[in-house]
Every structure is written in C-alpha cells, then in structure tokens.
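**Student:** Structure, please.
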Amino acid sequence: MAGTPVWSVDPRTGKQRAQVAVEAGSPEVDEAVRAAHAARTALADRTARIAFLRAAADLLDASAEQVVGAADAETALGPARLTGELARTTGQLRAFADAVADGGYLDVRIDRADPSLTPPRPELRRYKVPLGVVAVYAASNFPLAFSVPGGDTASALAAGCPVVVKAHPDHPATSELCASLLRRAAVATGLPGEVVTVLHGFDAGLELVRHPLVTAAGFTGSLRGGRALFDAAAARPVPIPFHGELGSLNPVVVTPDAAAERAEEIGAGLAGSVTLGVGQFCVKPGLVLVPEGAAGDRLAEALGKALGETGPGVLLDHRMRDGFIAGVAERAALSGVTAPVTPGPAGEHTVGAGYLSVSAASLLAGPAYEVLLEECFGPVTVVVRYAGESEAGAVLDLLPGNLTATLQLSAAEAEGAPGPAAELVSRVTALAGRVVVNGWPTGVAVAPAQHHGGPYPAATSHSTSVGATAIERWLRPVAYQSVPDPLLPAELREANPLGLPRRVTEAAAPAAPAGPAGPAGRAGPAN
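**Tutor:** Numbers count the residues shown, from 1 in each chain. The predicted structure is shown next:
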C-alpha cells in the first residue's frame, strides 16, 4: 500500500541495508503516468531523442563504479558480471540512438496514385508513430540490461514513448540511481525528466497496467506474475499490447553421434551454461535429452564432475532461494528421478549446483511428471535419458514454447546433409524463438538479427525484447490517402526533408500508342 517503506536488502545476509523509497498508491501512479503522457510531445523530436539516448549511455558509463556497486550490493551478481551487463546496457542505448538516426524503423512506404489499375490506386503514404506511455516491469536477474535503463526502456524511448518503470523489489536502490541518471540525461538534452519515472510496489504494478493513458507494456519475469498482468492488460476497457517474457525451459538435444564424438566437452559446456549467473538466466538449459549408453554415461559423468567443482552461490533473494530448494525437492521426490549431483542449500544464504536424471520412459508415464517440464529458477537442470529417436521426439512433443532450443550435433551432422539433424532443426523451430547448434543458449547477443522471444509461455507476443527490431513493439502504422503534401507529417513529404529511407512504388508507365501490330503491353509497377 502507499506509504509502505521500500528497503534495499543484501541477498548475502538477508538484512535490510537502507530505506530507498515508499510504495506508490493510485495517486502516485496517476501522477507519474500523466506527467509521462505530457512529456510525449517533447520526445517526438527525433534529434532530441538521439541526443538523449547517447547522453544516457555516457552518463551511465561515467557512473559505472557507483552503478555496479549498487547493483552488486542488492543482487550479489559480482562486479565482473555487472560491469559486462552495464556495457551491454549502454551499448543498447547507443544502438537504439543509431536506429533512430537511420530512420529505417519508421518503415516509410509510398505508393504513387495509379488510375490505370483495377481498381484504381490512390496516393498512399505510410509510416509508424509511437503508441504513447509505455509501462515497463523490471526483471530480477538483470538489474541493468532488463530493468530501468534496459532494453524495454531504451527501445520505447527510441520509439518516442515515455516510460514508467515498475522497479523490481530486489534492486530498488539500483533502480532509483539509474532512473536519476536517465532523468539527468533527459534534462541535459532539453527533454523533461518525466520521460522516465520509477514506481515501487506490487499494487503499483497493477495500477500501472490498468491506467487509461498507458498504451503498452513490457515485462520480464515469472509465468504467474506475467500472466496476471497480461490478463489485466487484456481486460481493460481498451486492451493494450502486453509484451511479456514469462520463463522458459530451453531444451537441449544431444544426438548419439555428438555424444560419442565429444561427450566430455558437451558435459562440461552444459555445466557452465547451467551455473552461469547461479542458474538465474532466462535462457538457462533446464532440460537435456541425452542418449542412453556408454557415450551418454560419459557425458553425465563430465557434467557431474564440473557441477561438483562449482562453488556455492547466492541467489537474488531468499524468496527465490526457498523456491529453488522447494522446486528441486518436489522434482527429486518423483519415482524414477535421481540426483547424481544433488542441488540445494549449501549454507544459510547460498545454494549448490546439481542435476536430476530421469528416463524418457518415466517422463512420458503420466501427468505427475509434468513438473519436470517447468522452469526451476536456479543452478539445476534435468537430464532425460532417451532410448531412440522416437522417445526423444515424444519428449519434445510434450514441451511448451521456449525462448531457445539447442542441438548438440556431430561434425558430420553439422555439415547440413539431409537427414535426422535437418529434421531436428525443423522440429525444434516450432518450439522456440532461437535455435542454437553446437553452442549454448546463455549469452544473448544484442544484434540486429537477434530474436529473444518465442511461442507462449516463453512470450505473450511474437516480438523480440533484444535487438533493433524491439522498437517495433511500441509503434503503430498509419497510412495517409490523398493527403496534400503540406498537410503530411515531415517524414512523408515529397521532398523528404528528414532524409529518411523510403520504399516507393511508382505508377505504371503510360501505354505506348497502338502500332500496326496492335496495342503494346504496359510495364508493371516499378519499386
């Protein structure tokens, strides 16, 4: 409720560090959204947006020691990891500034009037406009790159949409610090500071998605929390787009030939991916199909050895630690499930990594095993031993949508000849937004061709939250028909005063005069 103190907590000890803010109530949410809505006119200036995004990146980099220190105190992720995450965060801001400068994201298209067509075509000019105020729900596991200054915020601002962020309770001090830096950058480049606002509190999150001036939302978090907000967004009198990332199992399939060729390498690589960030990455491989037999045994042995050598780690908060311990215990209690390396508590505030093992036949036995097909947040994975292609395929048929799917193939299979490997690629394409071959899904490159999303429940839309095309979530197309040039937006005027890339379809060439042989054909539209 409003007035409830918001504390910064040290996950290494569970102790409160300092009061950071108070939870927002309805009046505070309304005030923040209305101020953001008023700021959208200033943010419509593309030149100002470009300067703002670059200034924000520079200011975050200049404050790196303070930002990394604050984030580490609240997440225990460590300075090395957080320094890399900050670089990714500022890189995203600069990449979106470059995208705005290029202008291609506006997707300007012009179709010249052509009365000779059937039916006749009027003059049409189309581009994309910002939606309005965007609500962003910060993630727990990325206090920078998926939180206040992260990709949802950066892409929405780049689109011209002011942002109101619901801070994650695990890092309120980091959220306040980053918001203050973004607001400083806005003011320094001539924009109102209200283009970015941070709110705290569970109730504030619900109030935010229901506010009539909020036009879209971006979320990264749990299935339960994301689905509640998604349903609230759909239940509004005017529903809004809700771009949510709700969790993922990220299956891995190891073929028999790959296991025979490099079992030890795959086992060690899998351990590294499972324990990266103490298993708190959204693309952590949570279920691994491994062939039965000697090669599979060698892979499991290498996995167990590497996991056993991994020291204990601190999860983001004690609630997540409790959930991890309970989730592992529930899965390990199932008949036929073993724990060759037992994951679980490793101290009062830490957990140890491990893995569970089950046969494909057991997993396929009935609904009691469905929990093995759900994400368990933390350093654990489930190894499923399969007896043949049909068993592996039956397990894949059980899986919901995922952010990623990974195939470990032999060198010959990776050559791409038609056969089982090509069929596997096709099969897992239906399950995931990103298909990885002979690599690991952890580590999401910020690049133009990246896609970070997938079929439900991995995501609630078909868009990406990483990469340049993430900007498309916060835009809508508008077409202008037969509008006189002086009345058009500058982006669509004939002289192209903003120098934007555009696609133009010209009218067909006039028909040539009829000759002795009869009428000549005319050319089709030119692009």
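**Student:** Confirm that Val9 lies within a helix, as I assumed.
**Tutor:** No: secondary structure assignment places Val9 outside any helix; it is strand (DSSP: H, G, I helix; E, B strand; the rest coil).
**Student:** Show me what it is bridged to.
**Tutor:** When bridges are assigned using DSSP bridges, the partners listed for Val9 are Gln16.
**Student:** Around it, count how many other residues there are.
**Tutor:** Val9 is surrounded by 20 other residues when neighbours are defined as other C-beta atoms under 10 Å. Where C-beta positions appear, they are placed from N, C-alpha and C, glycine not excepted.
**Student:** so who does it touch?
**Tutor:** Lys15, Gln16, Arg17, Glu74, Asp170, Asp317 (C-beta atoms under 8 Å, 6 or more residues apart in numbering).
**Student:** quick one: the helix or strand hosting the fourth one to chain centroid distance?
**Tutor:** What it means is Glu74. Counting by DSSP states H and E, the element that carries Glu74 is helix 64-75. Between the mean C-alpha point of helix 64-75 and the mean C-alpha point of its chain there is a distance of 22 Å (C-alpha atoms, centre = their mean, to the nearest Å).
**Student:** pretty sure Ala18 is in a helix, no?
**Tutor:** No: membership of Ala18 in a helix is not supported by three-state DSSP, which gives strand.
**Student:** can you pull the buried residues of the helix or strand harbouring Ser273?
**Tutor:** Ser273 is located in helix 256-275, with elements delineated by DSSP H and E. Neighbour-count burial for helix 256-275, counted by 16 or more other C-beta atoms under 10 Å, picks out 256-263, 266-271, 273-275.
**Student:** can you check stretch 430-441 too?
**Tutor:** Applying a neighbour-count criterion of 16+ other C-beta under 10 Å, one finds Leu431, Ala432, Gly433, Arg434, Val435, Val436, Val437, Asn438, Trp440, Pro441 buried in stretch 430-441.
**Student:** would you put the C-alpha positions of stretch 348-363 in CSV?
**Tutor:** Taking Å, rounded to 0.1, in the frame of the first residue of the first chain, the C-alpha atoms of stretch 348-363 are listed here in CSV:
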residue,chain,number,x,y,z
GLU,A,348,22.4,-20.3,5.3
HIS,A,349,22.3,-18.0,2.3
THR,A,350,23.8,-20.0,-0.5
VAL,A,351,22.8,-22.9,-2.8
GLY,A,352,24.8,-25.6,-4.6
ALA,A,353,24.5,-26.6,-8.2
GLY,A,354,23.5,-30.1,-9.4
TYR,A,355,21.3,-32.1,-11.8
LEU,A,356,18.5,-34.5,-11.7
SER,A,357,18.2,-37.6,-14.0
VAL,A,358,15.2,-39.4,-15.3
SER,A,359,14.5,-41.8,-18.2
ALA,A,360,12.4,-40.7,-21.1
ALA,A,361,10.0,-43.6,-20.4
SER,A,362,9.4,-42.3,-16.9
LEU,A,363,8.9,-38.8,-18.0
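**Student:** what mean pLDDT does that stretch have?
**Tutor:** Stretch 348-363 shows a mean pLDDT of 96.
**Student:** just to revisit the earlier point, now, among the buried residues of stretch 430-441, which is nearest to Ala470?
**Tutor:** Minimum distance to Ala470 across those is 12.6 Å, recorded for Gly433 (C-beta to C-beta).
**Student:** Just say helix, strand or coil for that closest one.
**Tutor:** In terms of secondary structure, Gly433 is strand; the call rests on three-state DSSP.
**Student:** residues touching it, list them.
**Tutor:** For Gly433, the residues meeting the contact criterion (C-beta under 8 Å, 6+ apart) are Asn402, Leu403, Thr404, His451, His452, Gly453, Gly454, Pro455, Ala458, Ala459, Thr464.
**Student:** now the third one: how far from Leu315?
**Tutor:** With the distance defined as C-beta to C-beta, to the nearest Å, Thr404 ends up 22 Å from Leu315.
**Student:** give me the number of residues near Pro510?
**Tutor:** Residues near Pro510, counting by other C-beta under 10 Å: 9.
**Student:** likewise Glu494?
**Tutor:** The criterion is other C-beta under 10 Å. On that basis, Glu494 has 9 neighbouring residues.
**Student:** ditto for the one 4 residues further on
**Tutor:** Around Leu498 there are 15 other residues, counting by other C-beta under 10 Å.
**Student:** From Val504, how far out is it?
**Tutor:** To Val504, Leu498 is 15 Å away according to C-beta to C-beta.
**Student:** ok, for Thr13, nearest residue in space, not its chain neighbours?
**Tutor:** The shortest distance from Thr13 to any residue that is not its chain neighbour, by C-beta to C-beta, 6 or more residues apart in numbering, is 6.5 Å, and that residue is His349.
**Student:** my read: the one you found touches Val314, true?
**Tutor:** Yes: in this structure, His349 is within contact of Val314 by C-beta atoms under 8 Å, at 6.0 Å.
**Student:** So for these two, which residue has more residues nearby?
**Tutor:** Neighbours were counted for His349 and for Val314 using other C-beta under 10 Å; Val314 has more, 21 against 18.
**Student:** Report the separation between the nearest residue to that one once chain neighbours are set aside and Val351.
**Tutor:** What sits nearest to Val314 in space, not counting adjacent residues and going by C-beta to C-beta, 6+ apart, is Ala76, at 4.0 Å. Counting by C-beta to C-beta, the separation of Ala76 from Val351 is 12 Å.
**Student:** Of those two, which one has the most company?
**Tutor:** Each of Ala76 and Val351 had its neighbours counted (other C-beta under 10 Å), and the higher figure belongs to Val351 (24 against 20).
**Student:** quick one, phi/psi of that one?
**Tutor:** For Val351, the backbone dihedrals (degrees, to the nearest 10) come out as phi -130, psi 160.
**Student:** looking at it, it is touching Leu315, isn't it?
**Tutor:** Yes: judged on C-beta under 8 Å, Val351 makes contact with Leu315 at a distance of 6.0 Å.
**Student:** what is in contact with these two at once?
**Tutor:** Overlap between the neighbourhoods of Val351 and Leu315 consists of Val278, Arg321, Phe324, Gly378, taking contacts as C-beta under 8 Å, 6+ apart.
**Student:** Next, count neighbours for Arg476.
**Tutor:** So Arg476, with other C-beta under 10 Å, has 14 neighbours.
**Student:** cool, and Ala234?
**Tutor:** Neighbours of Ala234 (other C-beta under 10 Å): 12.
**Student:** returning to that earlier point: what's next to the helix or strand following the helix holding Glu74, contact-wise?
**Tutor:** Note on helix 64-75: by DSSP H and E, the next helix or strand toward the C-terminus is helix 79-102. Residues from elsewhere that reach helix 79-102 (C-beta under 8 Å, 6+ apart): 46, 49-50, 53-54, 56-58, 60-61, 64, 67-69, 71-72, 75, 77, 105, 142-145, 149-151, 154-155, 157-158, 277, 446, 468, 471, 501.
**Student:** Thank you, goodbye.
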